[in-house]
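K.L.:
Take this sequence and fold it.
(2 chains)
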Amino acid sequence: MTLLSVQNLDVRHGLLQAVRDVSFDLSRGDVLALVGANGAGKTTLLRSLAGAHLPAAGRIALNGQDMTKVPSHQRIAMGIALVPEGRRLFSQMTVEENLLLGKTSGRPGDWTIDRVFSAFPNLVARRHAKTGHLSGGEQQATAIGRALMSNPDILLLDEVSLGLSPLVVDRVYAQLQTLLTSGTTIILVEQDLSRAMGVASRVICMLEGRVVLDSPAEQVTRDEVTKAYFGLHRENNERVAS
Amino acid sequence: MIDTLIQGILLGGYYAVIACGLSFMFSVMRIINLAHGSLAVLSAYGLWLLASEFGISPFLGLLIVLPAMAAIGWLLQRYLLERSARGGALLPILTTFGLAIVIDNLMFEQFGADTRSLAPFIGSLSYDSWELPGGIYVGKLAVMTMATAIALLGGLQIFLSRFALGRAIRATAEDPDTAGLVGIDARKANAVATAIAMVTVGIAGAFLAMRATFDPYSGGPQLLFAFEAAVIGGAGSLWGTLIGGIVLGLAQSLGAQIHPQGFLIGGHVVFLAVLFARLFLIGAPTIGTTGFAKAGLARIRAAIRSTP
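P.N.:
Down below sits the predicted model:
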């Protein structure tokens, strides 16, 4: 069953077209890894799915309901939550306050502060600490917890490992593992290809704003993704054609 | 001497009431509202009109004027401040400066140059007092003002820290883009914050009109006192505003003891002393994530940078 449907999406930053004609459908329970080089349009795509950046053209539908023009604060009430790149916590507020803010949309569901704390036990001791004083891993956990508090149908994770040491990334992924296997629908942007392919059920590779590879994770090799990542397959084709 | 101190502290309560809205708008929205004093006078005229034309007691009149002030705040944010904020940080200051001139002159056109007061409409409250041991008298109205200041600032503090709407307002102040991503309607949060600020301005106007006289151009001095109290207290913190108001009230009262002309000068001297102490002792970069002065400097720097 199609949960999220993206059709012919164009997103612009002024004159720069960051996302070009992107289409894909996502079923409930899918874990989609979005890979691609810096500037390929992954973050822009996620932000436009979350409503923080409205698309220039195309259509986004959730559960068959068109939401292309819906602003971000209403989109989270419809079930899409973004964990933004760089975490973007409210640094003057405590962990608990940040988590409570995640409940603003009032979507019913079973995520509570206690459940977030049991999913991310490293936050328990930091409950009343301002998030500006937390370590990177604790901040990332808070950011993911904040998004989960809205009980989303789809969780968008933008570079959760950015700026974290490999050890901390391991821990964040270990904590995410329960989510990844519990049937939550996730779109994941990740620079680390093997990590992304390890958790995903499907891989989309973007290059210069376009989708250049879209495949179930088990049917694609790391080499194929790498080629798509650098645009090598395209150059080969062009060479053959000329 | 003790009498002077007590009267100075109570006067500080009034300054805290008028500084409350200014400090609130600055701390949550980073807007310095130069129409603050004029809007307080507008509320005073509203109460005066209700009392003199319809015989409504100023305290009952607040039930009409405060919702009206909240509506003014909402409209102000939606149609004026929100639009001007898109043009950079300096534009809202200029907008509120212009708004103050418009309000002052409209009131002058409507009500003339006569000075007015709400004192005739509140019975003996304007001059009644309680006697403290030692033959010191404290005005009932002054004590009421101080109690209101504490209740207002405390109430706002609790609202901001304990209530979902208060948290939403703080989150929007820190990062409107991310606030949208967690489900907060940033425009609504800002409009609610301005409406709340205007309610406190309405209350300030009531106390202004009950304790003294006012005329259409009384807004300027009120803005100045509010600004001084907010800067002395460090504008980010609401309790700081109360302390700032009390320091200003004490400085003015002590100044008046030293010299008949010393009332205003005493206040200005302390204001400048605190400002320069912050600038030179603590050092400009740390003046406070909270201070007006830093925002002022940052705005000037931003303006210089954006000048081609």
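
K.L.:
dump the residue contacts of whichever residue of the stretch 51-200 of chain B sits closest to chain A.
P.N.:
As assessed by Cβ to the nearest Cβ, chain A sits closest to residue B:183 within the stretch 51-200 of chain B, at 3.5 Å. Placement of C-beta: from N, CA and C, glycine included. Contacts were defined as Cβ atoms under 8 Å, 6 or more residues apart in numbering or on different chains; by that measure residue B:183 touches A:73, A:76-77, A:101-102, A:104-106, A:150.

K.L.:
change it to 10 Å
P.N.:
A:72-77, A:81, A:101-107, A:149-150, B:168 (Cβ atoms under 10 Å, 6 or more residues apart in numbering or on different chains).

K.L.:
Taking the residues you listed, please make a ChimeraX selection of just the buried ones.
P.N.:
Filtering the contacts of residue B:183 down to the buried ones (16 or more other Cβ atoms under 10 Å in any protein chain shown) takes a single ChimeraX command:
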select /A:72,73,75,76,81,101,102,103,104,105,107,149,150 /B:168
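
K.L.:
Which of the contacts of residue B:183 fall in helices?
P.N.:
The helices, defined by DSSP state H, take in A:72-77, A:101, B:168 from these.

K.L.:
just curious, which of the residues you listed is nearest to residue A:186?
P.N.:
residue A:76 (15.6 Å; Cβ to Cβ).

K.L.:
On the three-state scheme, the nearest residue to that closest one once chain neighbours are set aside is what?
P.N.:
Counting by Cβ to Cβ, 6 or more residues apart in numbering or on different chains, the nearest residue to residue A:76 once its immediate chain neighbours are dropped is residue B:183, at 4.1 Å. Assigned state for residue B:183: coil (three-state reduction, DSSP: H, G, I helix; E, B strand; the rest coil).

K.L.:
got it, and residue A:23?
P.N.:
Classified using three-state DSSP, residue A:23 is strand.

K.L.:
Find the nearest non-adjacent residue to it, please.
P.N.:
residue A:7 (5.1 Å).

K.L.:
what helix or strand is that neighbour on?
P.N.:
Here residue A:7 sits within strand A:2-13, counting by DSSP states H and E.

K.L.:
So which bits of the top helix by length along chain B are buried?
P.N.:
Criterion DSSP H: the longest helix present in chain B is helix B:2-29. For helix B:2-29, a neighbour-count test (16+ other Cβ under 10 Å) marks B:6-29 as buried.

K.L.:
and the helix or strand that it is followed by with helix B:2-29, angle?
P.N.:
Next along the chain after helix B:2-29, taking DSSP H and E as the criterion, comes helix B:36-54. Orientation check (axes from the mean of the first three to the mean of the last three Cα atoms, to 10 degrees): helix B:36-54 against helix B:2-29 gives 110 degrees.

K.L.:
What helices and strands are in contact with helix B:36-54?
P.N.:
Applying 3 or more Cβ pairs under 10 Å, 6 or more residues apart in numbering or on different chains; DSSP states H and E, we find helix B:36-54 packed against helix B:2-29, helix B:58-76, helix B:90-111, helix B:186-211, helix B:219-233.

K.L.:
picking up where we left off before, tell me what the strand holding residue A:7 is packed against?
P.N.:
strand A:16-27, helix A:42-50, strand A:57-62, strand A:185-189.

K.L.:
of all those, which lies closest to residue B:242?
P.N.:
Here helix A:42-50 is closest among the helices and strands packed on strand A:2-13 (Cβ to Cβ), at 40.9 Å.

K.L.:
any bit of the closest one sitting next to chain B?
P.N.:
Yes. Contact between helix A:42-50 and chain B, assessed by Cβ under 10 Å from any Cβ of the partner chain, occurs at A:47, A:50.

K.L.:
Just the buried positions in that helix, please.
P.N.:
Neighbour-count burial for helix A:42-50 [16+ other Cβ under 10 Å]: A:42-50.

K.L.:
and what of stretch B:56-72?
P.N.:
B:56, B:58, B:61-62, B:65-66, B:69-70, B:72.

K.L.:
Which one of these is nearest to residue A:15?
P.N.:
residue B:72 (40.7 Å).

K.L.:
The nearest residue to that closest one once chain neighbours are set aside and residue A:179, how far apart?
P.N.:
Among residues not flanking residue B:72 along the chain, residue B:198 sits closest, at 5.6 Å (Cβ to Cβ, 6+ apart). Counting by Cβ to Cβ, to the nearest Å, the separation of residue B:198 from residue A:179 is 44 Å.

K.L.:
same check, this time on residue B:41
P.N.:
Distance from residue B:41 to residue A:179, by Cβ to Cβ: 57 Å.

K.L.:
So between the two, which is more surrounded?
P.N.:
Counted by other Cβ atoms under 10 Å in any protein chain shown, residue B:41 and residue A:179 do not tie: residue B:41 has more neighbours, with 29 against 17.

K.L.:
Could you pull up the residues touching the residue lying closest to the more buried one once chain neighbours are set aside?
P.N.:
Computed as Cβ to Cβ, 6+ apart, the closest residue to residue B:41 that is not its neighbour in sequence is residue B:219, at 4.6 Å. Applying Cβ under 10 Å, 6+ apart to residue B:219 gives the contacts B:34-42, B:44, B:100-101, B:103-104, B:107, B:205, B:208.

K.L.:
who's in contact with the one residue in chain A that gets nearest to chain B?
P.N.:
In chain A, the residue that lies nearest chain B is residue A:105 (3.5 Å; Cβ to the nearest Cβ). Each residue near residue A:105 by Cβ under 10 Å, 6+ apart is listed here: A:73-79, A:81, A:149-152, B:182-184.

K.L.:
can you do 6 Å?
P.N.:
Counting by Cβ atoms under 6 Å, 6 or more residues apart in numbering or on different chains, residue A:105 makes contact with A:76-77, A:150, B:183.

K.L.:
so is residue A:213 in a helix, a strand, or just coil?
P.N.:
Classification of residue A:213 by three-state DSSP places it in strand.

K.L.:
what number of residues lie near it?
P.N.:
Look at residue A:213: counted by other Cβ under 10 Å, it has 18 neighbours.

K.L.:
wait, it sits on residue A:228?
P.N.:
Yes. Counting by Cβ atoms under 6 Å, residue A:213 touches residue A:228, with 3.8 Å between them.

K.L.:
Next, show the common contact partners of those two.
P.N.:
Common neighbours of residue A:213 and residue A:228 (Cβ under 6 Å, 6+ apart) are residue A:205.

K.L.:
my read: residue A:35 touches residue A:206, true?
P.N.:
No. Counting by Cβ under 6 Å, residue A:35 does not reach residue A:206; the two are 7.4 Å apart.

K.L.:
neighbouring contacts of stretch A:86-94?
P.N.:
Contacts of stretch A:86-94 (Cβ under 6 Å, 6+ apart): A:98, A:128, A:130-132, A:139-140, A:142-143, B:171, B:174, B:178.
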